[in-house]
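**Student:** Fold the stuff below for me.
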Amino acid sequence: MRRRLIHSTLAVVLVVIGVFGVSLVVVETRTISESAHDRVRSEAVQIASIVDSRLLGQQRITPEALRGQVSSGHYARIDLPGRGRVEIGKRPEGEVTRVVTHGEQGEKVTVEEPRSEVTREMGRTLSIIAVVALLAILAAVLLAVRQANRLTSPFTDLAETAERLGSGDPRPRHRRYGVPELDRVADVLDRSAERIARMLTAERRLAADASHQLRTPLTALSMRLEEITVTDDLTTAREEASIALAQVERLTDVVERLLTNSRDPRTGSAVSFDLDEVITQQLAEWRPAYRAVGRAIVSSGKRRLRAVGTPGAVAQVLAALIENSLVHGEGTVALRTRVTGNQTVIEVSDEGPGVPPHLGSRIFERTISGHNSTGIGLAVARDLAEADGGRLEMLQLRPPVFGLFLSRTPGPQVPRGGGARQVR
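**Tutor:** Numbers count the residues shown, from 1 in each chain. The predicted structure follows:
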């Protein structure tokens, strides 16, 4: 394309130079010829005037008296009636520019100029025209190369951008080239890069969330299955199998919830449900893990409370907070329920050192952790809570207290709340 642009530009310039150059040569040739003829005519008229003046004054007509009126290289001849002929200069050979005029006293004046003078003048003019044409062609070449580079460089750049997108590098370049059509293509590529980046981020986030959220249910399920394999009591096996089936259902709900949030984090299937059932189920699921490390998990507060949300999502939020206290906290973990206004609040606290002050405002950000963990759990829990119209807050740093706020009656989703958002 670059070569074509250069060739097309040069072709246009050469055509223009050819048309105007030929026209200019024709005009200049004619102008020089006419100028030479006018110059010779002017000399002849001037000589005739002087001859008339001298004849009227009865003066002699001599070559010396008229030599100053004849240009160098020109030839003049004055034919005087009855007095002979006066010649000035050397008569040129070859082609000449000749002008003959007659004076008032009957004299005939002939002036000749060698054609070589006109030819030399035409040569100088043609040389100037040729130099200008060459300069114009050189300028056209430079301009064509510059313009071709200016037009082809963006195409190369856009091709590199497209290749980068295809190779998995979705960073937009935000380069513009001053050409509307090319800038439009660049806009489209940048928007595509941003969409691809969002899609890749969402996929990575889904993978990280799934890995984190599925780990605990799978661990609990494996513990139940181990209990079944080591027991000989059929009743105990049935009880453990029932619990395992319930955990499988919750695991399915976790997967569905993660997929739903990956598409639209604000799409929830909120219903009014019994909060005691969710808390009781979480206590039963986590007590074995707490007993294994010599700790306890208890609940207190108001009973028979109802909340609006998705039971599976609320269970996952509580599981994330309980696991957080198990891994990073100390002492007894307490779940306390209370009511504030039109909201039901579930507080989860432990007796550990809490959250460092410098992480207080960032505890719910992804990858933020004070204990070398992934920093994903609380971020996912916050997203799940907000998807149901609730909110998750850090109510106290030391000892740590987290609060899950849920609406008590169906209605507009609770706006994403304030409070210090942080991660442990």
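
**Student:** Show me what Asp79 is bridged to.
**Tutor:** Arg85, Lys108 (DSSP bridges).

**Student:** where's it relative to Val86, distance?
**Tutor:** Distance, Asp79 to Val86, using CB to CB, to the nearest Å: 8 Å. In short, each C-beta sits where N, CA and C put it, glycine included.

**Student:** Quick check on Pro92: phi, psi?
**Tutor:** phi -70, psi 160 (degrees, to the nearest 10).

**Student:** Nearest residue to it in space, ignoring adjacent ones along the chain?
**Tutor:** Pro114 (4.0 Å; CB to CB, 6 or more residues apart in numbering).

**Student:** List the contacts of the one you found.
**Tutor:** Gly73, Pro92, Glu93, Gly94, Glu95, Val96, Thr97 (CB atoms under 8 Å, 6 or more residues apart in numbering).

**Student:** Quick check: the gap between it and Gly329.
**Tutor:** From Pro114 to Gly329 the distance is 117 Å (CB to CB).

**Student:** Equivalent analysis for Val13, please.
**Tutor:** For Val13 relative to Gly329 (CB to CB), the value is 81 Å.

**Student:** Val355 now?
**Tutor:** For Val355 relative to Gly329 (CB to CB), the value is 10 Å.

**Student:** Give the residues shared as contacts by these two.
**Tutor:** Counting by CB under 8 Å, 6+ apart, the residues touching both Val355 and Gly329 are Pro400.

**Student:** where do the strands sit along the stretch 301-424 of the chain?
**Tutor:** Using DSSP state E, counting those that start in this stretch, the strands of the stretch 301-424 of the chain run over residues 306-309, 333-340, 343-349, 391-396, 401-407.

**Student:** Looking at these, which is nearest to Leu138?
**Tutor:** strand 391-396 (72.9 Å; CB to CB).

**Student:** Direction-wise, compare that closest one with strand 343-349 and give the angle.
**Tutor:** Counting by axes from the mean of the first three to the mean of the last three CA atoms, to 10 degrees, strand 391-396 lies at 50 degrees to strand 343-349.

**Student:** in strand 391-396, what's buried?
**Tutor:** Buried residues in strand 391-396, counted by 16 or more other CB atoms under 10 Å: Arg391, Leu392, Glu393, Met394.

**Student:** Show me what that strand is packed up against.
**Tutor:** Strand 391-396 sits against helix 377-387, strand 401-407, with contacts defined as 3 or more CB pairs under 8 Å, 6 or more residues apart in numbering; DSSP states H and E.

**Student:** quick one, the shortest one and strand 391-396 angle?
**Tutor:** Relative orientation of strand 401-407 with respect to strand 391-396: 150 degrees, computed using the same axes, to 10 degrees.

**Student:** ok, residues contacting strand 401-407?
**Tutor:** Outside strand 401-407, the residues touching it (CB under 8 Å, 6+ apart) are 275, 307-309, 314, 317-318, 321, 324, 340, 342-349, 385, 388-395, 414, 417, 419.

**Student:** and those, which are buried?
**Tutor:** 275, 307-309, 314, 317-318, 321, 324, 343-349, 385, 388-394, 414.

**Student:** Mind listing the residues bridging to the residue nearest to Pro92?
**Tutor:** Counting by DSSP bridges, the residues bridging with Pro114 are Val96.

**Student:** okay, it: pLDDT?
**Tutor:** What the model reports for Pro114 is a pLDDT of 86.

**Student:** Any figure for the gap between the most centrally placed residue in the chain and Pro81?
**Tutor:** The centroid of the chain falls nearest to His174 when counting by CA atoms, centre = their mean (1.7 Å). Going from His174 to Pro81 by CB to CB gives 95 Å.

**Student:** go on, Arg176?
**Tutor:** Counting by CB to CB - Arg176 and Pro81 are separated by 88 Å.

**Student:** Which one's more surrounded, these two?
**Tutor:** Between Arg176 and Pro81, counted using other CB atoms under 10 Å, the more crowded position is Arg176 (13 against 10).

**Student:** Dihedrals phi and psi, that one?
**Tutor:** According to degrees, to the nearest 10, Arg176 has phi -130, psi 150.

**Student:** Hmm, it is touching Leu189, no?
**Tutor:** No - applying CB atoms under 8 Å, one finds Arg176 not in contact with Leu189, separated by 11.5 Å.

**Student:** ok so, going back, who's in contact with the residue nearest to the centre of the chain?
**Tutor:** Neighbours of His174 in contact, by CB under 8 Å, 6+ apart: Asp190.

**Student:** you'd agree it is in a helix?
**Tutor:** No - judged by DSSP: H, G, I helix; E, B strand; the rest coil, His174 forms no part of a helix; its state is coil.

**Student:** Report pLDDT for Val308.
**Tutor:** For Val308, pLDDT reads 92.

**Student:** Tell me how far it lies from Thr409.
**Tutor:** For Val308 relative to Thr409 (CB to CB), the value is 7 Å.

**Student:** Now do the shared contacts for those two.
**Tutor:** With CB under 8 Å, 6+ apart, Val308 and Thr409 have common neighbours Ser272.

**Student:** picking that back up, buried ones among the contacts of Pro114?
**Tutor:** Members of those classed as buried by 16+ other CB under 10 Å are Pro92, Val96, Thr97.

**Student:** Could you export these as CSV, including distance to Arg2 and pLDDT?
**Tutor:** CSV is the format used below for these (distance: CB to CB, whole Å; pLDDT from 0 to 100):
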residue, distance to Arg2, pLDDT
Pro92, 57, 82
Val96, 56, 84
Thr97, 53, 85
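
**Student:** Compile these into a markdown table and extend it with columns for distance to Ile228.
**Tutor:** Formatted as a markdown table, the buried ones among the contacts of Pro114 follow (distance: CB to CB, whole Å):
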| residue | distance to Ile228 |
| --- | --- |
| Pro92 | 131 |
| Val96 | 130 |
| Thr97 | 127 |
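
**Student:** Among these, pick out the one closest to Arg60, please.
**Tutor:** Nearest to Arg60 among these, with distances taken as CB to CB, is Pro92, at 26.6 Å.

**Student:** Hmm, the closest one is touching Glu113, no?
**Tutor:** Yes - checked against CB under 8 Å, the pair Pro92 and Glu113 is within contact range at 7.5 Å.

**Student:** Show me whatever sits in contact with both of the two.
**Tutor:** Gly73, Tyr75.

**Student:** Surely Gly68 is within a strand?
**Tutor:** No - counting by three-state DSSP, Gly68 is located in no strand; its state is helix.
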